[in-house]
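> okay, here's the prediction I keep looking at, along with the sequence it came from:
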Amino acid sequence: MANIVAIVGRPNVGKSTLFNRLIESRKAIMDDVSGVTRDRHYGYAEWTGKFFTVIDTGGYVVGSDDIFEGAIREQVEIAIEEASVVLFMVDLDTGLTDLDKDFASVLRKSKKPVFVVANKADTNLKAQMSSEFYALGLGEVYPISSQNGSGTGDLLDEVVKHF
Ligand code: GDP
Ligand code: MG
């Protein structure tokens, strides 16, 4: 069975930044430039000798005022269908939002392992704020910084246990 990790979450939480870090390639294109992303990007990654595919889900138009529930479902359904592990990314700068809760309610029905990833934990102080996201009811919360890499090793250690 293929090892596939999908990164889902609302716009601007840092999905593409993590994707680029994981695949260690500058070739991946950031989604938020064109704002017309229904596409998704695939890359290959490795951690402690385990190889896996990463999917960066764009999902819907970034910057649109209306983010349709259907679009969320579409993105999550893709992830659930294709992925062996789902990384559900949330944002410590904005805190918990209604859209995060919408994602969570769909993801809770999934039988795939879901990791709640609290991004933008650039400092220890910010990492401590991640406890807010336990309210999503999806278990452990992993504070990371996609930008500087902190916490990503601890997250990946747990992710690759599923492979
Ligand atoms: P996406 O829409 O979920 O793919 O989010 P992007 O990866 O495009 O990132 C959205 C914004 O958040 C960009 O301005 C990034 O530079 C910023 N960002 C991403 N990760 C981090 C992080 O770990 N810390 C901080 N401070 N900013 C981040
Ligand atoms: Mg993106």
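Thanks, I have the structure now. Ligands and ions are numbered 1, 2, ... in the order given.

> drop to CA atoms for contacts and neighbour counts, all remaining ones
Noted.

> so where do the helices sit in this structure?
15-23, 69-82, 98-107, 124-128, 152-159 (DSSP state H).

> among these, which is the most enclosed?
For these, ranked by mean neighbour count under the definition mean count of other Cα atoms under 10 Å, the leader is helix 15-23 at a mean of 22.

> so how far is that one off the chain centroid?
For helix 15-23, the distance between its averaged C-alpha position and the chain's averaged C-alpha position is 9 Å (Cα atoms, centre = their mean, to the nearest Å).

> stretch 111-121 now?
Averaged C-alpha coordinates place stretch 111-121 at 6 Å from its chain's average position (Cα atoms, centre = their mean).

> neighbouring contacts of stretch 79-97?
The set of residues external to stretch 79-97 that reach it, using Cα atoms under 8 Å, 6 or more residues apart in numbering, is 2-10, 13-15, 55, 57, 100, 110, 112-121, 126, 129-130, 132-133, 159, 162.

> can you add distance to residue 88 and mean pLDDT and give the helices of the chain back as a markdown table?
Conversion of these to a markdown table gives the following (distance: least, Cα to Cα, whole Å; pLDDT from 0 to 100):
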| stretch | distance to residue 88 | mean pLDDT |
| --- | --- | --- |
| helix 15-23 | 9 | 91 |
| helix 69-82 | 10 | 72 |
| helix 98-107 | 8 | 87 |
| helix 124-128 | 16 | 96 |
| helix 152-159 | 12 | 98 |
